[in-house]
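> Build me a model:
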Amino acid sequence: MEKKVIIPSTTGSDLHSILYTSLDNNHEKNGEKPPLIILCHGFTGDKYEWGRFPEIAIVCNKEGIDALIFDFSGSGENERIPIRLYYIINLVIWNLYTDGFKTMVMKEFLYWVFLLVVLLH
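Purely as a prediction, here's the structure:
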């Protein structure tokens, strides 16, 4: 069974999705919910992924597994929200003047160490 679902978002831009529920009643008899698989599309894709995700969801349903396909924020049916440069700049400034700076520097350091190890290997 196929049901359109709106997933609320903290940003106010809700995510559009489709829940495919199996008709297998074995889980309900035991008081359990069926397992759920969440299919996530790739960059520039949408919840249908060229028709593959609905087919996969239907196959999962036949095996007693529920499936959820959804559009990431800014993809498919969801509202396009432009990246706000001032937000990114404020985030960087905040990191520079708080303990977040230490975390940011450490992540950057670990990235370069990893890259160096890969290149020298």
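> residues contacting residue 18?
Under the criterion of CB atoms under 8 Å, 6 or more residues apart in numbering, the contact list for residue 18 reads 2, 3, 4, 5, 47, 54, 57, 68, 69, 70. Glycine gets a C-beta too; all of them are placed from N, C-alpha and C.
> Go again with 10 Å.
Residue 18 makes contacts with 2-5, 39, 47-48, 53-54, 57, 67-71, as judged by CB atoms under 10 Å, 6 or more residues apart in numbering.
> Now that we have those residues, which of them are buried?
The neighbour count (16 or more other CB atoms under 10 Å) marks 39, 47, 48, 53, 54, 57, 67, 68, 69, 70, 71 as buried among the contacts of residue 18.
> Including pLDDT and secondary structure, could those residues go into JSON lines?
Below are those laid out as JSON lines (pLDDT from 0 to 100; DSSP: H, G, I helix; E, B strand; the rest coil):
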{"residue": "39", "pLDDT": "93", "secondary structure": "strand"}
{"residue": "47", "pLDDT": "92", "secondary structure": "coil"}
{"residue": "48", "pLDDT": "90", "secondary structure": "coil"}
{"residue": "53", "pLDDT": "93", "secondary structure": "helix"}
{"residue": "54", "pLDDT": "95", "secondary structure": "helix"}
{"residue": "57", "pLDDT": "94", "secondary structure": "helix"}
{"residue": "67", "pLDDT": "94", "secondary structure": "strand"}
{"residue": "68", "pLDDT": "94", "secondary structure": "strand"}
{"residue": "69", "pLDDT": "93", "secondary structure": "strand"}
{"residue": "70", "pLDDT": "91", "secondary structure": "strand"}
{"residue": "71", "pLDDT": "90", "secondary structure": "coil"}
